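Colleague: can't give you the sequence, but here's the structure:
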């Protein structure tokens, strides 16, 4: 009996040790997942939902393409609106000559490099290679802006105006990329006059800024900030928030449907900057709600949908190698161009390095 009892005790100790080992391994897996960057986690989850067996067939492939595009565009509207409301206009005034340099030089340099590599490695025609170059060159405000706003709220880079510089330049970079793509597409597929194609970028910039400024002026007039101008029982946070979101979404979707996607991004940014300046203190609680909507709802939806849009069945090994070479080559040139674009403003070497790194992300833009 004693031998049998000892055997049972030994088996219980072994089973208990096995359970502890499994729990420890499971805990390590959970801890590893928690330590992943949030954006990467969202992308991985979306990729899994779109490509794993059963999940891909019953979840990822069931996502309607039109709804997916609308959700992604709405999410980008939120972050661009929040970015506009956080712009430091005094810093932008000081850096007014750096903004166009940072928006144009890295974008054009990367687009040219990617186009040359695509032509050499993939044997693309010149115009199609240029289209690919502008697609690759577009920066992602959804990645850049939230990180910079977080750093700005903590006081980093405020004295030099780096967050506002990058946030203001990002939509201009996208306008240039979208306009460049449209010009190449027009020259290759349509009979559109070259001069009209060349005027597309400045037209989108003017249209976007004027639309956003007009919308902001309208909201400030209808919902004034100061107590002496506002009627008794005037608009509160909810009314301002709904009006602002409604106008931002209407502007973005309307300009997008009209074929001015670049202008849509600028219009939302200008709208946010205008109402923040006009509403003064009343804009802060509205901006806080926009931030919460982005963090808790729009951001997970956006990046999970981006991850789900990757279909591994369409990828070929030879194309992957060439694509990686195009991305690395274009990225290296973009990095150098971004660092050079910020020269002459008495920025320290590490600040130029930070700006160049912040100017690298790719993910999604307004469609």
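Modeller: The structure has been received and is ready for your questions. Just so it is clear, the structure is predicted and the values come from calculations on it, not from any experiment. Numbering: from 1, shown residues only.

Colleague: What segments of the stretch 201-350 of the chain are helices?
Modeller: For the stretch 201-350 of the chain, the helices defined by DSSP state H, counting those that start in this stretch occupy 237-257, 261-279, 283-293, 299-308, 317-341, 349-358.

Colleague: The fourth one packs against which elements?
Modeller: Secondary-structure packing of helix 299-308 (3 or more C-beta pairs under 8 Å, 6 or more residues apart in numbering; DSSP states H and E): helix 38-51, helix 65-85, helix 141-153. No exception for glycine: its C-beta is placed from N, CA and C like everyone else's.

Colleague: Nearest to residue 114 among those helices would be which one?
Modeller: Closest to residue 114 of the helices and strands packed on helix 299-308 is helix 141-153 (C-beta to C-beta; 18.6 Å).

Colleague: centre of the chain versus that closest one, how much separation?
Modeller: 10 Å (C-alpha atoms, centre = their mean, to the nearest Å).

Colleague: From residue 117, how far off is residue 322?
Modeller: Per C-beta to C-beta, to the nearest Å, residue 322 is found 8 Å from residue 117.

Colleague: should've said residue 351
Modeller: For residue 351, the distance to residue 117 - C-beta to C-beta - is 30 Å.

Colleague: Could you do residue 323 as well?
Modeller: For residue 323 relative to residue 117 (C-beta to C-beta), the value is 10 Å.

Colleague: just residue 340 next, same as before
Modeller: 21 Å.

Colleague: Of the two, which one has the most company?
Modeller: A count of neighbours by other C-beta atoms under 10 Å puts residue 117 above the other of residue 340 and residue 117, at 24 against 16.

Colleague: Surely that one is in contact with residue 328?
Modeller: No. Look at residue 117 against residue 328 with C-beta atoms under 8 Å: they stay out of range, at 9.3 Å.

Colleague: just to revisit the earlier point, adding mean neighbour count, write the helices and strands packed on helix 299-308 out as TSV.
Modeller: As requested, the helices and strands packed on helix 299-308 are exported to TSV (neighbours: other C-beta atoms under 10 Å):
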stretch	mean neighbour count
helix 38-51	18
helix 65-85	21
helix 141-153	20
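
Colleague: Could you dump the ones you listed into a markdown table and include distance to residue 259 and mean pLDDT?
Modeller: Below are those laid out as a markdown table (distance: least, C-beta to C-beta, whole Å; pLDDT from 0 to 100):
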| stretch | distance to residue 259 | mean pLDDT |
| --- | --- | --- |
| helix 38-51 | 28 | 85 |
| helix 65-85 | 14 | 89 |
| helix 141-153 | 20 | 82 |
